[in-house]
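# this one's structure only:
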């Protein structure tokens, strides 16, 4: 499956973006794909490629480019190894949501320069911390994001003044939240806060609880991977983008 690299100039340097498509001619419908806290790695390329088979141009940015080249993380052990967890935290700290939103503004402009790509109605999906970025993007660029999915996203509705649920009134996108049961990063209290904000804003959204699934259920190299739950999330996001990003006539 064709994969091309697009170098996007940002305020802080150059962010590499990997463009996945199912054929030599990129589809018009574009989806920005945010990896989890582990960043871009072969597994994430596999997931982006799978989404691309549904006739989408999938743009996967390396939002951790400010950290330079770093050793890949082992998602099976990173959270139980204090040194590796600290290293993961340091990498993620250099990609706060505000900086990533600025980066993605440049990416959206770059997508507009791609022949045939509709950069005015774009989708986004993200996992774990990427889910936070996907939801934040819907509020940061409401004029260009038509659909956004957050899969076991953390920090999506909190007491933080910068929590993305506070931008609910700006959002025009259709939203999907795939929430893990017993997820400490998206508790029932967080879910109520999110739903209240979205309901008050009249947002079009679906918040779906995955019973028995743990945080990270959709990503195969995560120790909490749940194949049945993951397959369900694939059905949901494919339907979301197919409906919200109609193919050109």
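All right, it came through fine. Treat the numbers as computed from the prediction; the structure is a model and nothing was measured.
# Give me the helices and strands touching the longest helix seen in the chain, please.
Ranked by residue count, the top helix of the chain under DSSP state H comes out as helix 227-244. Using 3 or more C-beta pairs under 8 Å, 6 or more residues apart in numbering; DSSP states H and E, the elements in contact with helix 227-244 are helix 42-52, strand 118-127, strand 145-151, strand 174-180, strand 205-210. Using the backbone N, CA and C atoms, a C-beta is placed for each residue, glycine as well.
# which of these sits most buried?
strand 145-151 (a mean of 28; mean count of other C-beta atoms under 10 Å).
# centre of the chain versus it, how much separation?
Between the centre of strand 145-151 and the centre of its host chain there is 7 Å, according to C-alpha atoms, centre = their mean, to the nearest Å.
# And for the helix or strand residue 106 falls within, what's in contact with it?
Using DSSP states H and E, residue 106 sits within helix 97-112. By C-beta atoms under 8 Å, 6 or more residues apart in numbering, the residues outside helix 97-112 that reach it are 6, 8-12, 15, 17, 30, 32, 57, 59, 61, 63, 66, 117, 119-120, 122, 132-133, 136-137, 140-141, 144, 162, 164.
# which of the residues in that helix are buried?
97, 100, 101, 103, 104, 105, 106, 107, 108, 110, 111 (16 or more other C-beta atoms under 10 Å).
# distance of residue 87 from residue 51?
29 Å (C-beta to C-beta, to the nearest Å).
# ok, now residue 57?
As defined by C-beta to C-beta, residue 57 lies at a distance of 10 Å from residue 51.
# Identify the residues contacting the nearest residue to residue 211 once chain neighbours are set aside.
Leaving aside its chain neighbours, residue 211 sits nearest to residue 181 (5.0 Å; criterion: C-beta to C-beta, 6 or more residues apart in numbering). When contacts are counted by C-beta under 8 Å, 6+ apart, residue 181 touches 209, 210, 211, 212, 213, 214.
# Sort out for me which of the contacts of helix 97-112 are in helices.
132, 133, 136, 137, 140.
# what about the closest residue to residue 55 other than its chain neighbours, how many neighbours?
Closest residue to residue 55 in three dimensions, ignoring its sequence neighbours and counting by C-beta to C-beta, 6+ apart: residue 27, at 5.0 Å. Residues lying near residue 27 (other C-beta atoms under 10 Å) number 21.
# Give me the pLDDT value at residue 2.
pLDDT recorded at residue 2 is 81.
# what about it, distance to residue 196?
Taking C-beta to C-beta, one finds residue 2 at 43 Å from residue 196.
# Tell me who's in contact with the nearest residue to residue 127 once chain neighbours are set aside.
Spatial nearest neighbour of residue 127, excluding adjacent residues (C-beta to C-beta, 6+ apart): residue 36 at 4.2 Å. Neighbouring residues of residue 36 by C-beta under 8 Å, 6+ apart: 44, 75, 126, 127, 128, 129, 130, 216, 219, 222.
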